[in-house]
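K.L.:
just to be clear, the model below is a prediction. Sequence and coordinates:
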Amino acid sequence: MRVKICGITNYEDAKLACDYGADALGFVFYKPSPRFIEAGVAKKIIEKLPPFVTKVALFVNMSAESINGAMEFLKADIAQIHFDADEDFFSKLNCKYLPVVRAKEKSDIDKFEENYKIVDAYVPEYGGSGKRVALEWFENRDNSKIILAGGLTPENVFEVGRYGFYGVDVSSGVEERPGKKDKRKLRKFIELAKYGLRCG
Ligand SMILES: O=C(O)c1ccccc1N[C@@H]1O[C@H](COP(=O)(O)O)[C@@H](O)[C@H]1O
């Protein structure tokens, strides 16, 4: 499984995640989040990252025009659209994007059927809440275009291996405090998600 580590706020955490084998890093451009990062700071981190790590910029409730501008400035690879948006909105984006389904019920996970997408648990406030999606919703279906998010930790990531997800996305579950990653949790999460599950 591919692993995205979200909520990167500093180069030290970004470097550690890359060294441990993360496939993607996420930067949160949503001011109320404790993981919010200024665009200028994120840009400097992105410039230093290795070429084979995908740089993801996460947006909440922003216009397509503002997101296009931010993506151009950041030189990030993918925009994570962490709010409900319609086709008209997506058609205005000039960049690669990942829609997020904030799932309240099982039928929600079928949205954006043709796209790669993130499925996160619905919470009224946005993101990084640690709330989980019900895993039984993913039984007996093709999950190969789904990146599972929501409440994943080094302790529970082994549970998701058998569902055939494209990847997993974690933010709060690998932190020592909001906005700061925990070295041991980062390493354990990435190793278990990427390699541990194959043998187990
Ligand atoms: O990480 C944040 O602070 C955040 C803020 C606003 C929207 C989304 C956010 N993070 C995303 O939320 C999910 C689940 O996070 P967690 O692992 O449960 O803490 C994930 O997709 C993050 O990218």
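P.N.:
Done, it's in. Numbering: from 1, shown residues only.

K.L.:
which pLDDT value goes with the residue in the chain that the ligand sits nearest to?
P.N.:
Residue nearest to the ligand within the chain (CB to the nearest ligand atom): Gly127, separated by 2.0 Å. Any C-beta I mention is one placed from the backbone N, CA and C, and that applies to glycine too. With respect to pLDDT, Gly127 has a value of 73.

K.L.:
that one and Tyr30 touch, don't they?
P.N.:
Yes. When contacts are counted by CB atoms under 8 Å, Gly127 is listed as touching Tyr30 (7.1 Å).

K.L.:
which residues are in contact with both of those two?
P.N.:
Where contact means CB atoms under 8 Å, 6 or more residues apart in numbering, the residues bridging Gly127 and Tyr30 through contact with each are Leu58, Val60, His82.

K.L.:
more neighbours, Gly127 and Tyr30?
P.N.:
Taking neighbours as other CB atoms under 10 Å, Gly127 and Tyr30 compare with Gly127 leading, 26 against 18.

K.L.:
excluding its backbone neighbours, what's nearest that one?
P.N.:
Closest residue in space to Gly127, ignoring its immediate chain neighbours: His82 at 5.9 Å, by CB to CB, 6 or more residues apart in numbering.

K.L.:
so which of the shared contacts of Gly127 and Tyr30 sit within strands?
P.N.:
When the shared contacts of Gly127 and Tyr30 are checked against strands (DSSP state E), the matches are Leu58.

K.L.:
of the shared contacts of Gly127 and Tyr30, list those near the ligand.
P.N.:
Restricting the shared contacts of Gly127 and Tyr30 to those touching the ligand (CB under 6 Å from any ligand atom) yields Leu58, Val60, His82.

K.L.:
may I see the ChimeraX selection of the buried members of those residues?
P.N.:
A single ChimeraX command suffices to select whichever of those are buried according to 16 or more other CB atoms under 10 Å:
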select :58,60,82
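
K.L.:
let's have the ones next to the ligand among the shared contacts of Gly127 and Tyr30 in a markdown table, adding pLDDT.
P.N.:
Compiled in a markdown table, those are given as follows (pLDDT from 0 to 100):
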| residue | pLDDT |
| --- | --- |
| Leu58 | 98 |
| Val60 | 96 |
| His82 | 94 |
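
K.L.:
now the ones next to the ligand among the shared contacts of Gly127 and Tyr30 in CSV, with distance to Val168?
P.N.:
Written out in CSV, the entries for these read as follows (distance: CB to CB, whole Å):
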residue, distance to Val168
Leu58, 15
Val60, 21
His82, 16
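
K.L.:
which residue is nearest the centroid of this structure?
P.N.:
Nearest to the geometric centre of the chain sits Asp169, at 4.2 Å (CA atoms, centre = their mean).

K.L.:
can you list the strands that the helix or strand hosting that one pairs with?
P.N.:
Under the criterion DSSP states H and E, the helix or strand holding Asp169 is strand 167-170. Sheet pairing for strand 167-170, assigned by DSSP bridges, gives strand 2-5 (parallel), strand 146-149 (parallel).
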